[in-house]
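Novice: Got a predicted structure here, sequence first:
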Amino acid sequence: MAARAPINGSTLQWARSASRVQREELARAAGVSADRISEFEAEQAAPTFRQLTLIAARLDRPLGFFFAPPPDRSDVPETADFRGRDGTVDVPAALAREMKRAEQHRAAMLDLADAPTREWQLTPITYDSAPQAAAELRATFGLTDRFTPPEAALNQVLNFWRGLVESQSFLVFQATGITLASFRGLSIYHETLPIIILNGADSPTARVFTLFHELAHLANRTSGLCGLDDDVSEEAVANRFAANFLMPEALVRQHVDPETFADPIEQAEAIANALKVSLLAAGVRLRTLGLISPTDFEAIRQRSAELWQAVRDRQKQSEGFVPPWRLRFRDLGSTYIGTIAHALEDQRIDAVDATYLLNARWPMVEQMLQEYYRTGVAE
């Protein structure tokens, strides 16, 4: 007869609720019925150690967690819902896990890295002040109104902007395996080392726009789950800031050709290519400058969605395989991975600590560290 694990049922229920995992989902992961999960939570039955291992993996918790009383509060940070939806914030389980891990990564950075510094002052941004705030941030980075990233590959463009944002003591992570319908970006406000999470399912140029969109939310000291819907006032402010930062008016007007402007989609494509932004971002900027109509903008939005869906379809049909360690490297980023690498060098942490801090087994950790020392860049 299999040995049973005398867990705290209240702790199991707390962990499942905090992780946004339904009983049915947890039951499938553990190979039992949903009623059996209810019995575990009510302490009418105890799981086998094998079942508990599967439960712990699904809820992203260590085994020992389930033998102690439940914590006083959730370790998944609360966020406002800026996606234009009614009711409670519906955070998918996979995103709740990424939010919890991001908080853990932040705690590690505070323990292992030097005290963060920031030149750009986090002053509240309004719709009217967004252009000035964007200009101030470009000045902080030492960028002129005519500057565009020199990198050619779009992933490299994203890494360029991500590196600049992280240089101002923001933490930027990416999430894998979560639909765009769930979220495009997420901000978690802290006075020190605030967090931005980007959806890796989006195009690189769209993630660039989202990066600066979330930066505006953090400047306003808000934590938010975002879909970049301009009909939501907070989102409109953040969109305006991101558009002004990435596409200063002088730079946009430089690429506006009145003779060919009859087709707004072609004009948006020209701006997107020249400024290395997404088609949708170019459409947002043209709209905020009053150069296209709402109808034109909706056409650009639809075209942008169609193009990215076509790219995603080609990716799914491709025989190419992306190693899991490379996705983890991309999601965590070189700033965080570099902090862990240097802590290992200085013997402030050991290999076991590194596997925990990078959420990976040692062979994957070794590959990520090798990539960091080879490039120092999360591609």
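Specialist: Noted; the coordinates are in hand.
Novice: Quick one: low-confidence residue ranges for the stretch 151-300 of the chain.
Specialist: 228, 230-231, 258-262 (pLDDT under 70).
Novice: Swap in 80 and give it another go.
Specialist: 227-232, 257-262 (pLDDT under 80).
Novice: ranges for the helices of it?
Specialist: 154-167, 204-219, 233-246, 249-254, 264-275, 279-288, 294-317 (DSSP state H, counting those that start in this stretch).
Novice: how about these, which one is nearest residue 128?
Specialist: Minimum separation from residue 128 across the helices of the stretch 151-300 of the chain (C-beta to C-beta) falls at helix 233-246, 9.2 Å. Placement of C-beta: from N, CA and C, glycine included.
Novice: now the closest one and helix 154-167, what's the angle there?
Specialist: 110 degrees (axes from the mean of the first three to the mean of the last three C-alpha atoms, to 10 degrees).
Novice: thinking again about what came up before, put together JSON lines for the helices of the stretch 151-300 of the chain, with distance to residue 332 on each row.
Specialist: Converted to JSON lines, the helices of the stretch 151-300 of the chain look like this (distance: least, C-beta to C-beta, whole Å):
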{"stretch": "helix 154-167", "distance to residue 332": "12"}
{"stretch": "helix 204-219", "distance to residue 332": "15"}
{"stretch": "helix 233-246", "distance to residue 332": "23"}
{"stretch": "helix 249-254", "distance to residue 332": "32"}
{"stretch": "helix 264-275", "distance to residue 332": "28"}
{"stretch": "helix 279-288", "distance to residue 332": "25"}
{"stretch": "helix 294-317", "distance to residue 332": "21"}
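Novice: so can I have JSON lines of the ones you listed showing distance to residue 44 and mean neighbour count?
Specialist: Formatted as JSON lines, these follow (distance: least, C-beta to C-beta, whole Å; neighbours: other C-beta atoms under 10 Å):
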{"stretch": "helix 154-167", "distance to residue 44": "49", "mean neighbour count": "19"}
{"stretch": "helix 204-219", "distance to residue 44": "44", "mean neighbour count": "25"}
{"stretch": "helix 233-246", "distance to residue 44": "46", "mean neighbour count": "24"}
{"stretch": "helix 249-254", "distance to residue 44": "65", "mean neighbour count": "15"}
{"stretch": "helix 264-275", "distance to residue 44": "59", "mean neighbour count": "19"}
{"stretch": "helix 279-288", "distance to residue 44": "52", "mean neighbour count": "26"}
{"stretch": "helix 294-317", "distance to residue 44": "44", "mean neighbour count": "14"}
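Novice: out of those helices, nearest to residue 60?
Specialist: It's helix 204-219; of the helices of the stretch 151-300 of the chain, that one is closest to residue 60 (C-beta to C-beta) at 23.2 Å.
Novice: Please name every helix or strand in contact with the closest one.
Specialist: Identification of packing neighbours for helix 204-219 by 3 or more C-beta pairs under 8 Å, 6 or more residues apart in numbering; DSSP states H and E yields helix 130-140, helix 154-167, strand 185-188, strand 195-199, strand 224-226, helix 233-246, helix 279-288.
Novice: Please name whichever of those is nearest to residue 111.
Specialist: strand 195-199 (15.7 Å).
Novice: just to revisit the earlier point, the helices and strands packed on helix 204-219: which one's closest to residue 253?
Specialist: Nearest to residue 253 among these is helix 279-288 (10.5 Å), distances taken as C-beta to C-beta.
Novice: So which elements touch the closest one?
Specialist: Counting by 3+ C-beta pairs under 8 Å, 6+ apart, helix 279-288 packs on helix 204-219, helix 233-246, helix 264-275, helix 294-317.
Novice: The helices of the stretch 151-300 of the chain: which one's closest to residue 129?
Specialist: helix 233-246 (8.9 Å).
Novice: which other residues reach the closest one?
Specialist: The contact list for helix 233-246 (C-beta atoms under 8 Å, 6 or more residues apart in numbering) reads 80, 82, 84, 125-127, 130-131, 133-135, 137-138, 208-217, 219-220, 222, 224, 226-230, 275, 277, 281, 284-285, 288.
Novice: All the helices of the stretch 1-150 of the chain, in order from the start?
Specialist: 9-18, 23-30, 34-41, 49-59, 93-112, 130-140.
Novice: Turn these into JSON lines, columns for distance to residue 246, mean pLDDT and mean neighbour count.
Specialist: Rendered in JSON lines, the data for the helices of the stretch 1-150 of the chain read as follows (distance: least, C-beta to C-beta, whole Å; pLDDT from 0 to 100; neighbours: other C-beta atoms under 10 Å):
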{"stretch": "helix 9-18", "distance to residue 246": "36", "mean pLDDT": "96", "mean neighbour count": "19"}
{"stretch": "helix 23-30", "distance to residue 246": "39", "mean pLDDT": "96", "mean neighbour count": "18"}
{"stretch": "helix 34-41", "distance to residue 246": "47", "mean pLDDT": "96", "mean neighbour count": "18"}
{"stretch": "helix 49-59", "distance to residue 246": "39", "mean pLDDT": "95", "mean neighbour count": "18"}
{"stretch": "helix 93-112", "distance to residue 246": "24", "mean pLDDT": "95", "mean neighbour count": "19"}
{"stretch": "helix 130-140", "distance to residue 246": "8", "mean pLDDT": "95", "mean neighbour count": "18"}
